[in-house]
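> Got a sequence here, can you build the structure:
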Amino acid sequence: MSRTTQRYVALLRGINVGGNNKIVMKELAEAFRQAGYADVSTYINSGNLFFSADAPPTPEAVEAVIAEAFGLDIAVLIRSRDEIAEVIERAPKELDDPAVRPDVWFLRPSLSPESALAAMPEPHPEVDRIWTGPGVLYTTRVAELASKSRLTKAVGTKVYKEMSVRNWNTTRKLLALLTTP
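Next up is the predicted model:
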């Protein structure tokens, strides 16, 4: 990698969920290599694509590669290694509580954390917690009461289409994978 080359992760929204928008990760990586991206790799089947680039890529450029290779209109959020590091650094300590199910809701740049928070369903006071962060919302659900969570109601909202959710463990793994190609 050259000095100006940086690592990025593209978070693909809504692929391989319930049999919809199926993309084989090996084929996704190959499509991006063919498109000229360097150090391409993927992590788990939910759409985490890593690559190196000399300039920050646009979501539209990444979306165009997916549309051409797979014929799918998939929304993409892109984060640099430093942005993922900041998300982890600024996370509330409650995400590490073993009694909760923690998630990070990554937001498209057009959606501020404050706007996203305002659009979320009212949290169940005994189950759900929500915090804002750098381009994200952090949420937890008490594990033994998760079926009572109101956060799942966000799935049907217009604002949900501007987000891509990763669990806390995956978010931390993203940083590790961004650190070493």
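
> Neighbours of Pro109, how many?
By the measure other CB atoms under 10 Å, the count of residues near Pro109 is 10. In short, each C-beta sits where N, CA and C put it, glycine included.

> what helices or strands is the helix or strand harbouring Leu117 leaning on?
Leu117 belongs to helix 113-119 when assigned by DSSP states H and E. Here helix 113-119 touches strand 100-107, strand 128-133, strand 136-142, going by 3 or more CB pairs under 8 Å, 6 or more residues apart in numbering; DSSP states H and E.

> list the buried ones in it?
Pro113, Ala116, Ala119 (16 or more other CB atoms under 10 Å).

> do the same with stretch 57-71
Pro57, Val62, Glu63, Val65, Ile66, Ala69, Phe70.

> Looking at those residues, which are in helices?
Using DSSP state H, the subset of those located in helices is Val62, Glu63, Val65, Ile66, Ala69, Phe70.

> Isn't the first one up against Arg79?
By that I understand Val62. No: applying CB atoms under 8 Å as the test, Val62 and Arg79 come out as separate, 11.8 Å apart.

> Could you pull out the strands in the chain for me?
6-12, 38-43, 48-53, 76-80, 100-107, 128-133, 136-142, 163-167 (DSSP state E).

> Now render the buried residues of helix 113-119 as JSON lines, adding pLDDT and distance to Tyr160.
What follows is those, written out as JSON lines (pLDDT from 0 to 100; distance: CB to CB, whole Å):
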{"residue": "Pro113", "pLDDT": "97", "distance to Tyr160": "15"}
{"residue": "Ala116", "pLDDT": "96", "distance to Tyr160": "9"}
{"residue": "Ala119", "pLDDT": "95", "distance to Tyr160": "9"}
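
> between those residues, which is nearest Gly135?
Pro113 (6.9 Å; CB to CB).

> do you know how far the spatially closest residue to that closest one that is not a sequence neighbour is from Met163?
Distance criterion CB to CB, 6 or more residues apart in numbering; nearest residue to Pro113, sequence neighbours excluded, is Thr132 at 3.7 Å. Counting by CB to CB, to the nearest Å, the gap from Thr132 to Met163 is 13 Å.

> Find residues that contact each of the two.
Shared contacts of Thr132 and Met163 (CB atoms under 8 Å, 6 or more residues apart in numbering): Ala116.
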